[in-house]
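In: How does the following fold in three dimensions:
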Amino acid sequence: MDAQTKDISVYMKNVSLSYEKTILTDINLTIEKGEFVYLIGKTGAGKSTLLRSMYADVPIESGEGKICGFDLKNISKRNIPLLRRKLGIVFQDMQLLNDRTVFNNLAFVLKATGNKDKNFIKERVMQCLESVGLQDKAEVYPYNLSEGEMQRIVLARAIVNAPEMVIADEPTGNLDPITSEEIVKLLFKLNKENNTTVLMATHDYLIINDFRSRVISCEDGKIIE
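Out: Model prediction:
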């Protein structure tokens, strides 16, 4: 399969990564545009390292890697923000800004990527909050939300720039089963309605069993289908 084709979101060939004590070698992975893929593996197996390499936070040491048209091996510092505009990232620790409202958490992302049209910002933020069922929380501060509500806000923030791909690192890790299911349903809805590629790291095998899709695994320093 041609790595240059626009129908591929992630292409890795013979990639090696290392971060702290995690070492991954000989990664060969292709994720087509519009796919929903689970990433599983034990704690410390390298899931987060692999995800971080995709938004250029962990460098590729060898091999060939491309994501959303960007060459990860040779990407310049000035192009990293351009790459990240094409990605929606759902962080494990949420990283919401507690000093501003939910609305302003999302608006901050749009402003940071160059949007200055106040009407567009308002319309887009409210559209994303509505998509996760929390339009009534726009003026609430994150510390007044439940864990499940915060995770839905994190997802709304991840999609506010209409990304080509969402990378979700354990988005249901701290949630109860019912709320976890709601989050995964939202990710599948985003995937199906917008043809957005989704790569979700998880330990939740019940979710994988209930919402079937392709699964890849980090094991013994390798990526296995």
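In: residues in contact with Phe103?
Out: Listed by C-beta atoms under 8 Å, 6 or more residues apart in numbering, the contact set of Phe103 reads 125, 129, 138-139. Where C-beta positions appear, they are placed from N, C-alpha and C, glycine not excepted.
In: and of these, the nearest to Lys73?
Out: Distances from Lys73 to these, taken as C-beta to C-beta, are shortest for Val125 (35.2 Å).
In: Make sure the closest one is indeed in a helix.
Out: Yes - Val125: assigned to a helix according to DSSP: H, G, I helix; E, B strand; the rest coil.
In: Not counting sequence-adjacent ones, nearest residue to it?
Out: Leu106 (4.4 Å; C-beta to C-beta, 6 or more residues apart in numbering).
In: Buried members of the contacts of Phe103 into ChimeraX, please.
Out: This is the ChimeraX syntax for the buried subset of those, where burial follows 16 or more other C-beta atoms under 10 Å:
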select :125,129,138
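In: Cross the contacts of Phe103 against strands and list the overlap.
Out: Applying DSSP state E to the contacts of Phe103, no entry is found in strands.
In: could you dump the contacts of Phe103 to JSON lines with distance to Gln151 and pLDDT?
Out: Converted to JSON lines, the contacts of Phe103 look like this (distance: C-beta to C-beta, whole Å; pLDDT from 0 to 100):
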{"residue": "Val125", "distance to Gln151": "17", "pLDDT": "97"}
{"residue": "Leu129", "distance to Gln151": "14", "pLDDT": "96"}
{"residue": "Ala138", "distance to Gln151": "17", "pLDDT": "97"}
{"residue": "Glu139", "distance to Gln151": "19", "pLDDT": "97"}
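In: All the helices of the chain, in order from the start?
Out: Assigned by DSSP state H, the chain shows helices spanning 47-54, 80-85, 102-112, 118-131, 147-159, 177-194, 205-210.
In: and the fourth one with helix 147-159, angle?
Out: It refers to helix 118-131. 140 degrees (axes from the mean of the first three to the mean of the last three C-alpha atoms, to 10 degrees).
In: Determine the set of other helices and strands touching helix 118-131.
Out: helix 102-112, helix 147-159, helix 177-194 (3 or more C-beta pairs under 8 Å, 6 or more residues apart in numbering; DSSP states H and E).
In: before we move on, back to that, would you turn the contacts of Phe103 into CSV with distance to Ser213?
Out: CSV is the format used below for the contacts of Phe103 (distance: C-beta to C-beta, whole Å):
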residue, distance to Ser213
Val125, 29
Leu129, 26
Ala138, 32
Glu139, 36
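In: Out of the contacts of Phe103, which comes closest to Val215?
Out: Leu129 (30.9 Å).
In: of the contacts of Phe103, closest to Ser62?
Out: The shortest approach to Ser62 among these belongs to Val125, at 41.1 Å (C-beta to C-beta).
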